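Trainee: would you be able to build a 3D model of this:
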Amino acid sequence: MQRTIQIRPDDLTGEATRRLIARHLAGMHDTSPPESVHALDIDALQHPSLSVWTAWIDGELAGVGALKALDADRGEIKSMRADDRFRGAGVGRALLRHIVEDARRRGMSSLWLETGTTEDFVPAQRLYESEGFVVCGPFGDYELDPFSVFMTRTL
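Mentor: Next up, the predicted model:
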């Protein structure tokens, strides 16, 4: 039985969301050197250029994702994370599609992202590729890094 995934804006004040963001950040530090960790903490996620959504299944926090406005035409996907209990349940795909649709509604013409290169990040890379993202070079303030892969998608 497929469970319904509810996606809603999140103000980052809830304890469940704060714990998931902290686990996400810790996981990034476990798999990448400090200079290659581009995940945002709670304070950085509260910047006005960011919108954050959480996914819920049966009243439980299942995942988080954010959209950062790089400028009027481009957005960056940030802080995509499914709670370990809900991996493989479609949470990441649902959040990604929601973010893509929000970017379209805002009139953005492209989305960009950075993810890791180690084995732990292969599922994320496959998800992004399956949703139309292609590998590209660094964008914004990013630099070439053996622990980063950069992707983009035209909307």
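Trainee: now the helices for this structure?
Mentor: 15-31, 42-45, 91-105, 122-130 (DSSP state H).
Trainee: hey, which of the ones you listed is tucked in deepest?
Mentor: helix 91-105 (a mean of 19; mean count of other C-beta atoms under 10 Å). For every residue, glycine as well, the C-beta is placed using N, CA and C.
Trainee: that one to helix 122-130, inter-axis angle?
Mentor: Helix 91-105 and helix 122-130 meet at an angle of 40 degrees, taking axes from the mean of the first three to the mean of the last three C-alpha atoms, to 10 degrees as the criterion.
Trainee: if we can go back for a sec, got JSON lines for the helices of the chain, with distance to Gly65 and mean pLDDT too?
Mentor: JSON lines is the format used below for the helices of the chain (distance: least, C-beta to C-beta, whole Å; pLDDT from 0 to 100):
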{"stretch": "helix 15-31", "distance to Gly65": "10", "mean pLDDT": "90"}
{"stretch": "helix 42-45", "distance to Gly65": "11", "mean pLDDT": "93"}
{"stretch": "helix 91-105", "distance to Gly65": "4", "mean pLDDT": "97"}
{"stretch": "helix 122-130", "distance to Gly65": "11", "mean pLDDT": "96"}
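Trainee: quick one: closest of the ones you listed to Phe147.
Mentor: Closest approach to Phe147 among the helices of the chain is made by helix 15-31 (8.3 Å; C-beta to C-beta).
Trainee: can you name the residues in contact with the closest one?
Mentor: The set of residues that contact helix 15-31 without belonging to it, under C-beta atoms under 8 Å, 6 or more residues apart in numbering, is 10, 12, 37-42, 45, 54, 60-61, 63-64, 79, 81, 83, 116, 118, 120-121.
Trainee: buried ones among those?
Mentor: With neighbours counted by 16 or more other C-beta atoms under 10 Å, the contacts of helix 15-31 contain buried members at 10, 12, 37-40, 45, 54, 61, 63-64, 79, 81, 83, 116, 121.
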